[in-house]
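K.L.:
Have a look at this prediction, sequence included:
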There are 2 protein chains.
Amino acid sequence: MAELDTPAEAGLVAQWRELLARHATAACALDRELGDRFGLGMSEFEVLERLVEGCAAGGGHALRVSELAPTVHLSQSALSRLIARLEKAGLVTRAMCESDRRGIVLTLTEAGRERYEQARPLHREVLGLTLGGGPGKACEVPSD
Amino acid sequence: MAELDTPAEAGLVAQWRELLARHATAACALDRELGDRFGLGMSEFEVLERLVEGCAAGGGHALRVSELAPTVHLSQSALSRLIARLEKAGLVTRAMCESDRRGIVLTLTEAGRERYEQARPLHREVLGLTLGGGPGKACEVPSD
DNA sequence: GGACAGTACATGCGCATGCATTCAATGCAA
DNA sequence: TTGCATTGAATGCATGCGCATGTACTGTCC
């Protein structure tokens, strides 16, 4: 019959389940809300945010895709396609990197920055409801 | 220009990013390891575990899909297909529920229980490495 | 210079997911 | 009993993902 978990293992499992629940709740809500209201997925928003942060540092600064990659938890291919979506939506610009012509530098367009600024309050609000509000249950957010 | 986050919001964002990182690290590692060695995805394992727990209570007890649903963070359709995969692999059995013929009761097969028992140590080990081992970085697990 | 390993990004492909819909069975009301 | 809203689960479809691969460029070693 089944051997039981050690107390340490049981603790890990409990921790993992809590993490799963929190992640599912917040991610689902973010995707829904940001998607419905701003046509952005959770990861799209995350990428825009990194670009804003990156650009904030150096004015019109641009970010290499390879610099962006480690900060978002996506495969290289998924990131490539995500950027393609953002570009198609007119939120970022792809340009060849001059110092290394294999590289791509990303620039936030005005529309991209605006979209981000508009979406940010909702993003923060959803985080507050799903993370701050105790052990969230389902994918339900008051919607406003 | 961009309004800044309040301290509370900044804290939420930091918390969220940490959660994202932990989740990505652990989920990715679990999927890889369980997949490579036991042909199970993270969610497949999770479902098997719920069945083991459910069945442990009542001997040869079976679980309704509708009871299982709230405990795994999947849409109803995804769960339905996941169960179909498990059934095809011979790990669970689907049967009509007698008391409510719309319902489906799941039974863990002997093979299913064995697969779970074999996979569990690896599952716990990966959790230990990715959750316990501080702020995990990438999708890298010592593989043994 | 030329061959070659390594890096940066894009793309083909299969798979798992979610949404919307569908179908079957149930419960309730008239 | 018939009619109808509700529930449990399966399925069509579109989408996003990761893996493997392809393409272009870089740097090194000869």
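P.N.:
Great, that's in hand.
K.L.:
Of all the helix elements in chain A, which one is longest?
P.N.:
Assignment by DSSP state H gives helix A:7-38 as the longest helix of chain A.
K.L.:
Could I get the buried residue list for stretch A:43-55?
P.N.:
Residues A:Ser43, A:Glu44, A:Phe45, A:Glu46, A:Val47, A:Leu48, A:Glu49, A:Arg50, A:Leu51, A:Val52, A:Gly54, A:Cys55 are the ones in stretch A:43-55 that count as buried (16 or more other CB atoms under 10 Å in any protein chain shown). Every residue, glycine included, has its C-beta placed from N, CA and C.
K.L.:
hang on, I meant stretch A:71-87
P.N.:
Those would be A:Thr71, A:Val72, A:His73, A:Leu74, A:Leu79, A:Leu82, A:Ile83, A:Arg85, A:Leu86, for stretch A:71-87 by 16+ other CB under 10 Å.
K.L.:
Next one: the first one from chain B, what distance?
P.N.:
Spatial separation of A:Thr71 from chain B under the definition CB to the nearest CB, to the nearest Å is 9 Å.
K.L.:
How confident is the prediction for the nearest residue to that residue once chain neighbours are set aside, by pLDDT?
P.N.:
Spatially, and ignoring its direct neighbours in sequence, A:Thr71 is nearest to A:Arg50 (5.5 Å; CB to CB, 6 or more residues apart in numbering or on different chains). We have a pLDDT of 96 for A:Arg50.
K.L.:
A:Arg50 falls within a helix, correct?
P.N.:
Yes: the assignment for A:Arg50 (DSSP: H, G, I helix; E, B strand; the rest coil) places it in a helix.
K.L.:
Run through the residues that contact it.
P.N.:
For A:Arg50, the contacting residues are A:Leu63, A:Leu68, A:Thr71, A:Val72, by CB atoms under 8 Å, 6 or more residues apart in numbering or on different chains.
K.L.:
Would you confirm that the second one contacts A:Glu46?
P.N.:
No: look at A:Leu68 against A:Glu46 with CB atoms under 8 Å: they stay out of range, at 9.8 Å.
K.L.:
in the longest helix of chain A, what counts as buried?
P.N.:
A:9, A:12-13, A:16, A:19-34, A:38.
K.L.:
before we move on, what about stretch A:112-132?
P.N.:
Buried residues in stretch A:112-132, counted by 16+ other CB under 10 Å: A:112-113, A:115-116, A:119-120, A:122-127, A:129-131.
K.L.:
Among the residues you listed, find me the one that's closest to B:Leu91.
P.N.:
Using CB to CB, the shortest approach to B:Leu91 within the buried residues of stretch A:112-132 belongs to A:Thr130, at 32.9 Å.
K.L.:
Let me know whether the lowest-mean-pLDDT helix or strand in chain A sits next to DNA strand C.
P.N.:
When each helix and strand of chain A is scored by mean pLDDT, DSSP states H and E, helix A:42-57 comes last, with a mean of 88. No: contact of helix A:42-57 with DNA strand C is not found when judged by CB under 7 Å from any atom of the strand; the minimum separation is 11.7 Å.
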